[in-house]
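**Student:** Sequence and predicted structure below; questions after.
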Amino acid sequence: MTQISKWESDTLCQLNLNPDYQRAHVWTLEQQIAYVEYALQGGEVGKNIIFNCPDDEYMARPFELIDGKQRLEAARSYANEIPIFDGHYSTISKAASRGQT
């Protein structure tokens, strides 16, 4: 379980990644792969993901994702094994830890 998944279900600091006004996940697999590969190669990408608490009372309701859903979902997909650079996260991260990249 990723840290974001834990936050989605956490009772103290919940995250709502799909508020009513947020568009659905629309990037294709190819777009996600292109984004992750570009970012990992040092490309200039948006680094901010914006959340907001829609209530005046701090943490009375879950924080809502305002901006960055497509980028966040691409990163989550990468961690969940979409292929990049003709490999997968677990294979690439194991090779990197052995100094074989």
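**Tutor:** Yep, that arrived.

**Student:** Count the residues that sit near Y21.
**Tutor:** By the criterion of other C-beta atoms under 10 Å, Y21 has 7 neighbours. C-beta: built from backbone N, CA, C; applies to glycine.

**Student:** Likewise for I49?
**Tutor:** Using other C-beta under 10 Å, the number of residues around I49 comes to 15.

**Student:** ok, it to Q32 distance?
**Tutor:** I49 is 15 Å from Q32, where distance means C-beta to C-beta, to the nearest Å.

**Student:** residue contacts, Q22?
**Tutor:** Listed by C-beta atoms under 8 Å, 6 or more residues apart in numbering, the contact set of Q22 reads E64, L65, I66, K69.

**Student:** For the first one, give me the backbone phi and psi.
**Tutor:** Yep, that's E64 we're talking about. phi -110, psi 140 (degrees, to the nearest 10).

**Student:** wait, what's in contact with it?
**Tutor:** By C-beta under 8 Å, 6+ apart, the neighbours of E64 are L15, N16, P19, Q22, F51, N52, C53, P54.

**Student:** for this structure, what are the low-confidence residue spans?
**Tutor:** Along the chain, the model assigns pLDDT under 70 to residues 1-13, 55-60, 87-101.
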